[in-house]
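Chemist: For reference, the sequence and a predicted model appear below.
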Amino acid sequence: MFKVHLTRFFYREFIFCGILHTYMLKCVFDKMNGLQQFHNCKLLRNGKLIYDNLWVLNGVIVDPEKLFYDEKVKAENVIDCQNAIISPGYIDLQINGGFGVDFSHNIDHVEDGINKVAKNLLAHGVTSFCPTLVTSSNETYHKILPKIKKSPGGKHGATVLGVHVEGPFISPTKKGAHQEIFIKQFNNGFQTVIDAYGDLENISYVTLAPEIDNSFEVIRELCDRNIKVSVGLVLVTDAISALGLQEGLHRLGQLDIEIKSGQAYIAKTDTLCGSIAAMSECVKFFKKATGCSIVEALEAATLHPARALGVQSHKGILNFKADADFLLLNDNLDVLSTWIAGECVYQNQTANISGSA
């Protein structure tokens, strides 16, 4: 289903003396404490790649000027980034599953499935995501939604920003891989939403068809509850359970899905459904296919989804006071390491990034 987003898109270097013990940066280390300085890097900040240092304290990006001049604090950990790009961590607003897990189908093991996907996403640069449920029965929503809680990320996996429910309030004529039997209209206005989903507490994002009768009443009520509404998305993976797996038969909600020639189809049809692409590959493909700049490609997976969710004050950016969720990338946009709250949660074994303490 073709999707168009409805939401708005769009130091100084300080040198000090001291005897430093050099080590190779390994993610098996305990979480770093104290002030961290990332240098010899290019930061994505304010729509530009700039040569500057990134300073992190207690999981937050900080302004070093106040620390140095007012509080006389020095960095306890200095990391040489070897001229890497530092980008905000990727945010995936639509991911239906991956690594053998389908969020809409694995009803009896919801928490285990979320944890498995969250952990595996770290290697692909995703620091935050919205587990996505496709059009399903009321019973399925009532069983699954209470079990997917918003939760902070770390070495255990990426941050869960809340659930994205894609359907069941979509157009039956533009349903893609969604099962028509479960598609609904807003016959009773917002009460229909309550009846379908049950508890709305864990929902952050709803995709619906605005042409449905009573949709404006529903959209208004969802927005009043701080639930974002969309008719589709910017750069997302739309990944299904087959992400990270071999070709063959898999699941998407109640449907059998066949992976062949690197694409996902409803089994025994030519209807495309979802993808098996990781976010890191989507960013690179987006840049190549559109001819956009590195900045534009990275912001499509960081700043723009953060704005869509309304979390751009602390996610999807490298500004002062933002969460220290970021990636180190080479010029080919390969992920060298992934960081959440200033902690290295994944490192590519081929990366050669050194630090000192």
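Modeler: Structure received. Not measured: the values here are computed from a predicted model.
Chemist: Return the distance of stretch 197-206 from the chain's centre.
Modeler: Centroid displacement of stretch 197-206 relative to its chain, using C-alpha atoms, centre = their mean, to the nearest Å, is 18 Å.
Chemist: in it, what's buried?
Modeler: Using 16 or more other C-beta atoms under 10 Å as the test for burial, stretch 197-206 gives 197-198, 200, 202-206. Heads up, the C-betas are built off the backbone N, CA and C, glycines and all.
Chemist: In helices only, show me those residues.
Modeler: residue 197 (DSSP state H).
Chemist: farthest pair in the buried residues of stretch 197-206?
Modeler: With C-beta to C-beta as the measure, no two of the buried residues of stretch 197-206 lie farther apart than 198 and 205, at 16.7 Å.
Chemist: Now for residue 321, how many residues are close by?
Modeler: Look at residue 321: counted by other C-beta atoms under 10 Å, it has 11 neighbours.
Chemist: Residue 243 belongs to a strand?
Modeler: No: under DSSP: H, G, I helix; E, B strand; the rest coil, residue 243 sits outside any strand and is assigned coil.
Chemist: Next, count neighbours for the closest residue to it other than its chain neighbours.
Modeler: Sequence neighbours aside, residue 98 is the residue nearest to residue 243 in space, at 3.4 Å (criterion: C-beta to C-beta, 6 or more residues apart in numbering). As a burial measure, residue 98 scores 28 neighbours (other C-beta under 10 Å).
Chemist: How about the one 3 residues further on?
Modeler: One way to gauge burial is a neighbour count; for residue 101, by other C-beta under 10 Å, it gives 24.
Chemist: Surely it is in contact with residue 117?
Modeler: Yes: between residue 101 and residue 117 a contact is recorded at 5.4 Å, counting by C-beta atoms under 8 Å.
Chemist: Helix or strand: which one has the residue nearest to residue 156 when sequence neighbours are not counted?
Modeler: Distance criterion C-beta to C-beta, 6+ apart; nearest residue to residue 156, sequence neighbours excluded, is residue 119 at 6.4 Å. Using DSSP states H and E, residue 119 sits in helix 110-121.
Chemist: next one: residue 295
Modeler: helix 294-300.
Chemist: give me the low-pLDDT residue ranges for the stretch 201-350 of the chain?
Modeler: 232-233, 242, 245-246, 250-255, 273 (pLDDT under 70).
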